[in-house]
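> Sequence plus predicted model, see below.
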Amino acid sequence: MSGAPKQKLALVRFSGEIGTKARATRGQFVRRLVANLSDALKSEGLTPRIRQSHNRIFVSLEGDPAEVSTTAASERGLDAISRVFGIQSISVVEPHPATDVEEVAAIGAELFRERVSGRRFAVRARRVGERTEIPLAPNDIERELGARLLGVSSGVDLSDPEETVHVELIGREAYFFPDRIPGQGGLPVGVGGNAIALISGGFDSAVAAWQLLRRGVCCDYAFCNLGGQSHQQGTLRVAQVLADKWSYGDQPRFHSFDFDPIVEQLRDRTRPRYWQVLLKRLMLRAAERLVVERKASAIVTGEAVGQVSSQTLPNLAVISRATRETVLRPLIGTNKDAIIELAKQIGTFELSKVVGEYCDMVPTRPATAATLDAIEAEEAKLDLSLIDAAVESRTVFKLRGLDIEALSIPDLEVHRIPEGATVIDLRTKDEFDSWHWPTATRLEFGQALRVYPEFDRKLTYVLYCEIGLKSAHLAEFMRKEGFEAFHVPGGLRTLKKKAPAD
């Protein structure tokens, strides 16, 4: 029949914010959105087939001829499209010629008869574009299609239907779909300028950077390393999620600064109660150098009022005075539980959960209302040229497609438990009780960091955790103190493969 489906398409609707822009700006934003969509599809190994009509974008969901599963290709494509900022919603549609009301209604009835069978339903039709392009009236289609489906349904319900049949009339075609997949909204990455996001690997900084990406801002990441190579690897994993899954249209870089000399100087020359505020100011200064070098416009941090002692309003005001650059704090009024929920949505939660807080410069009585005079007096004791040295000697990684596994620390790794080794499980009690290596002793990560100097130095230690980040970190620390310490790369998944049979 003439109404047979041509192909499956993703109908992509612009974010409402794009639609409100002036024509020239809207055109610029849409071109960037199309380019970002193309990048998203290519990143999934799909060939972009994209066309634009009115204020809609259509993306082919047909796989390449070499694809083993067209369905799998469609799912990958939809998943990638749903993570492109600037999209309000997506629908999987079937396009059909729209020549007259009866033909459109007949096609719709064939497509949706089984879906509305025994259920309350509604038909929603709308025209997108000029009436002269498609003279059919949406109300007529709603009535005719509704009448054809009424006999198999349990009735029409316009206020709270169990199923909704959607029809959009665009050009000279009708597009049928049952539902809408929500998009992320916001603006296409690349239309909002550039920023440098300070990232630690924890929940907050990743979510803050994501909020800027959603506003169209391209982000490079500045990492002030306080925990060695394992901390760097953990934070790289978090940043790579932001790069690979949320930064379509951009090629973000990760700038790693060795902050050990700076921290050592802070400990030796300044009063402990000011350490946290001083450290944050020094991090801003390092990021400031990148802002100038990368021609960015702002620094992004994950700070929220009152979350920790350094983030009181007086302290934040003093921290901000360390730089003339604009400091953006998108999470400033956000509760921690909301930040964690966003981290789960973004895909950084599990990684951030095990990266932990590597900064152990936590005094017993930190200043909660530091004054600028007091902080500047402490800073006068420091050699600030160390910041320039850290920036100049930094390591830079291109995040998209980075093989982080190739950056592992082989000297710290074991792939089987040596005979006679002391095995330490760094997970929680519940995780330990669910499964553990038969000879393992449990010691949670935070406690292990505090007490490992008291361990017997004659023993060989093998550490493991969820995915191998915390264990690598502790093994690295122990090695520096002269212990014979190793960890299991890949964590629990690797270890279970080596476990002896019951």
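Here it is on my side, so go on.

> make it CA atoms for all contacts and neighbour counts henceforth
OK.

> This protein - how does it break down into domains?
Domain assignment for the chain by automatic domain parsing gives 9-184, 196-406, 410-498.

> out of those, which comes closest to residue 190?
domain 196-406 (5.3 Å; Cα to Cα).

> Restricting to C-alpha, output stretch 174-191 in PDB.
Only the C-alpha atoms of stretch 174-191 are listed here, as PDB (Å, rounded to 0.1, in the frame of the first residue of the first chain):
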ATOM      1  CA  ALA A 174       2.600  12.600   8.300                       C
ATOM      2  CA  TYR A 175       4.800  11.300  11.100                       C
ATOM      3  CA  PHE A 176       3.300   8.800  13.500                       C
ATOM      4  CA  PHE A 177       4.700   8.100  17.000                       C
ATOM      5  CA  PRO A 178       3.400   6.800  20.400                       C
ATOM      6  CA  ASP A 179       5.500   8.800  22.800                       C
ATOM      7  CA  ARG A 180       8.400  11.300  23.400                       C
ATOM      8  CA  ILE A 181      11.800  10.600  24.800                       C
ATOM      9  CA  PRO A 182      12.800  13.600  26.900                       C
ATOM     10  CA  GLY A 183      16.000  15.300  25.900                       C
ATOM     11  CA  GLN A 184      18.500  17.200  28.100                       C
ATOM     12  CA  GLY A 185      17.300  20.700  26.900                       C
ATOM     13  CA  GLY A 186      19.900  23.400  27.300                       C
ATOM     14  CA  LEU A 187      22.000  24.700  24.400                       C
ATOM     15  CA  PRO A 188      24.300  22.900  22.000                       C
ATOM     16  CA  VAL A 189      27.900  22.500  23.200                       C
ATOM     17  CA  GLY A 190      30.000  25.100  21.600                       C
ATOM     18  CA  VAL A 191      27.600  28.100  21.400                       C
END
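
> Pull out the buried positions in that stretch.
174-178, 180, 183-191 (16 or more other Cα atoms under 10 Å).

> re the thing from before, same list (the domains of the chain) but as TSV, adding mean pLDDT.
Conversion of the domains of the chain to TSV gives the following (pLDDT from 0 to 100):
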stretch	mean pLDDT
domain 9-184	88
domain 196-406	93
domain 410-498	89
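
> Which other helices and strands does the helix or strand where residue 446 lies contact?
Assigned by DSSP states H and E, residue 446 belongs to helix 445-451. On a contact count with 3 or more Cα pairs under 8 Å, 6 or more residues apart in numbering; DSSP states H and E, helix 445-451 meets helix 469-480.

> Which residues does whichever helix or strand comes after the helix it packs on contact?
Sequence order places strand 484-487 as the next helix or strand after helix 469-480, per DSSP H and E. For strand 484-487, contacts defined as Cα atoms under 8 Å, 6 or more residues apart in numbering pick out 411-414, 457, 459-464, 468, 471-472, 475-476, 478-479.

> Buried ones among these?
Here, 16+ other Cα under 10 Å leaves 412-413, 460-464, 468, 471-472, 475-476, 478 buried among the contacts of strand 484-487.

> right, and out of those residues, which lies closest to residue 147?
Of all the buried ones among the contacts of strand 484-487, residue 147 sits closest to residue 468, with 60.7 Å by Cα to Cα.

> Please give me every residue in contact with that closest one.
487-492.

> thinking again about what came up before, identify, from the buried residues of stretch 174-191, the entry nearest to residue 155.
Once Cα to Cα is applied, the member of those that ends up nearest residue 155 is residue 178, at 17.1 Å.

> ok, the closest residue to residue 367 other than its chain neighbours to residue 265 distance?
Distance criterion Cα to Cα, 6 or more residues apart in numbering; nearest residue to residue 367, sequence neighbours excluded, is residue 273 at 5.3 Å. For residue 273, the distance to residue 265 equals 15 Å [Cα to Cα, to the nearest Å].

> now swap in residue 485 and tell me
Distance from residue 485 to residue 265, by Cα to Cα: 28 Å.

> So which of those two has more stuff around it?
Shown here are residue 485 and residue 265; by other Cα atoms under 10 Å, residue 485 has more neighbours (27 against 16).

> can you tell me the helix or strand for the closest residue to the more buried one other than its chain neighbours?
Using Cα to Cα, 6+ apart and skipping the chain neighbours, the partner closest in space to residue 485 is residue 461 (4.7 Å). Here residue 461 is covered by strand 460-464, with elements defined by DSSP H and E.

> What helices and strands are in contact with that strand?
Strand 460-464 packs on strand 422-425, helix 469-480, strand 484-487, going by 3+ Cα pairs under 8 Å, 6+ apart.

> Enumerate every residue touching residue 179.
91, 164-166.
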